[in-house]
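Undergrad: Show me how the following folds:
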Amino acid sequence: MAERSRAILEAHWRPLGYTVPNDAVYPHQWLWDSCFHAVVWTVLGAPDRAVSELERALAHQADDGFVPHMTYWEAPDQHVAFWGRRTTSAITQPPMYGHALAELVRHGHTPPADLVARAVAGLEHLAERRSIGGGGMVPILHPWESGCDDSPRWDSWCPGGWTATGWKQTKGDLVGALRFDPRTGSPCGSDAFIVGSVGWNALVAFNCAELATVVTDAGVVASLRAIAAEVRAATSARWDDELGCEHDWSEPYRSSSGIRTLDAMLGVLAAESPPTRVIAGQLRVVCWDGAFGGDCGPAAVHRDEPTYDPTTYWRGSAWPQLTYLCWVAARRAGMDDEARRLGDALVRGAWSSGFAEFWHPDTGAPLGAVPQSWAALAAVVSATSAWSGPPAGR
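TA: Numbering: from 1, shown residues only. The predicted model follows:
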């Protein structure tokens, strides 16, 4: 598994010091992809590449801390008309750099102080400049910022009901609805989409808590922990016992905001051992094959939801990075059976799909780009648990 994962990352490595997700379909740098790549590089024994990956991802950070979700290193003018700027996009993505830096430290490496400072600034920007309603939640300003581009939680924003074609048009329109800080050029609002996504907020809180284990300044540690606690409290306040997850916040409230999706279960990343009743219950639901669970990873959408479709982008397929995050949560909760099931599913899905971008949760049939770099997260799992090798004939 490590050998195959390294080969994929090496093939996707660029001389400028970052890994593309896929050299044909995704030939640029994406923020949360690169953070997951950094985790894999760390586990594969290449901390220098992990650091380079993160430095490149944060290289075009704005003065106010904003981190763009895409960098067009080799084609800076490619989408100027779309984004209204050269070199980068005008939105962000889940700030997984807190976790990536924490993993470097856990493996005995000391990241550059400037890189840690940039990560702190990125998270503080989200907490301070994105405080637009939501009772303490950090809102996203475009569906792409969540990382879950076509999640059914956004269906209420698609005029006439969701279709792949209609939603593609709407996502473009929502870029045009963004508002920007005239001083820094960073996105600060939207005329059409301001959403307190519980999945996104779970990742903001998780990365604040992770980065707090890296920094040495007591004041910064306290600030990061306070942000994590506030965001988690705001998210927990939106819990629905009947659904078993939280609703997203928006004004006005949208009916699709309570659809049961896997990213809405990412509050499990607050897990400690022993876990709370709620977190333990959520992790069991994530693994249960009557809800999200699958032999090749949990589905992105609950199987009982009318929108569930295991072969469609973000509508029910299994995603390696979400399976990985649930595995991290289960391990930290001390829920060994669930951690083992999630880890085995990630490895099985990655191998069966040829390390695809995403795959069918039951069969591992490949979907999206193949191979995709973040599927190498399976090597992180296999490095920490026994793996008997690929199935016969593969």
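
Undergrad: quick one, phi/psi of the residue lying closest to residue 347 once chain neighbours are set aside?
TA: Spatial nearest neighbour of residue 347, excluding adjacent residues (C-beta to C-beta, 6 or more residues apart in numbering): residue 378 at 4.7 Å. For the C-beta atoms, the positions are set from N, CA and C on the backbone; glycine is no exception. Here is the backbone geometry of residue 378 (degrees, to the nearest 10): phi -60, psi -30.

Undergrad: can you offset everything so residue one is 134?
TA: With the count now opening at 134, the last piece we talked about shows up as residue 511.

Undergrad: mind checking how far residue 511 is from residue 482?
TA: 8 Å (C-beta to C-beta, to the nearest Å).

Undergrad: rewinding a little: for the residue nearest to residue 480, what are its contacts?
TA: Neighbouring residues of residue 511 by C-beta atoms under 8 Å, 6 or more residues apart in numbering: 134, 138, 453, 479, 480, 482, 483, 484, 488.

Undergrad: ok, so of these, who is nearest residue 181?
TA: residue 138 (17.2 Å; C-beta to C-beta).

Undergrad: ok, and the closest one, which helix or strand is that part of?
TA: Using DSSP states H and E, residue 138 falls within helix 135-145.

Undergrad: what comes up buried for stretch 272-288?
TA: 272-281, 283-288 (16 or more other C-beta atoms under 10 Å).

Undergrad: Can you pull out the low-pLDDT segments for the stretch 384-527 of the chain?
TA: By pLDDT under 70, the low-scoring segments of the stretch 384-527 of the chain are 519-527.

Undergrad: Strands of that one, residue ranges please.
TA: 491-492, 499-500 (DSSP state E, counting those that start in this stretch).

Undergrad: so what are the domain limits for the chain?
TA: Listed domain ranges for the chain are 134-391, 403-517 (source: automatic domain parsing).

Undergrad: looking at those domains, which is closest to residue 397?
TA: Taking the domains of the chain one by one with C-beta to C-beta, domain 134-391 is closest: 4.5 Å.

Undergrad: circling back to that earlier point, can you name the next helix or strand after the helix holding residue 138?
TA: Counting by DSSP H and E, what follows helix 135-145 is strand 146-147.

Undergrad: Give the pairing partners of that following strand; include direction for each.
TA: Strand pairing for strand 146-147, using DSSP bridges, gives strand 151-152 (antiparallel).

Undergrad: pLDDT (mean, whole number) over the partner strand?
TA: Confidence over strand 151-152 (mean pLDDT, whole number) is 99.

Undergrad: where's it relative to the chain centroid, distance-wise?
TA: 17 Å (C-alpha atoms, centre = their mean, to the nearest Å).

Undergrad: which outside residues touch that strand?
TA: 142, 145-146, 162, 166-167, 170, 174, 182, 185-186, 189-190, 206, 506.

Undergrad: Of these, just say which sits nearest to residue 264.
TA: Scanning the contacts of strand 151-152 for proximity to residue 264, where the rule is C-beta to C-beta, the winner is residue 190, at 24.1 Å.

Undergrad: Next one: that closest one from residue 440, what distance?
TA: Taken as C-beta to C-beta, the span from residue 190 to residue 440 is 32 Å.

Undergrad: Residue 333 contacts residue 275, correct?
TA: No: because the distance of 11.1 Å does not satisfy C-beta atoms under 8 Å, residue 333 is recorded as not touching residue 275.

Undergrad: Can you get me a residue count around the nearest residue in space to residue 270 that is not next to it in sequence?
TA: Distance criterion C-beta to C-beta, 6+ apart; nearest residue to residue 270, sequence neighbours excluded, is residue 329 at 3.4 Å. With neighbours defined by other C-beta atoms under 10 Å, the count for residue 329 comes to 27.
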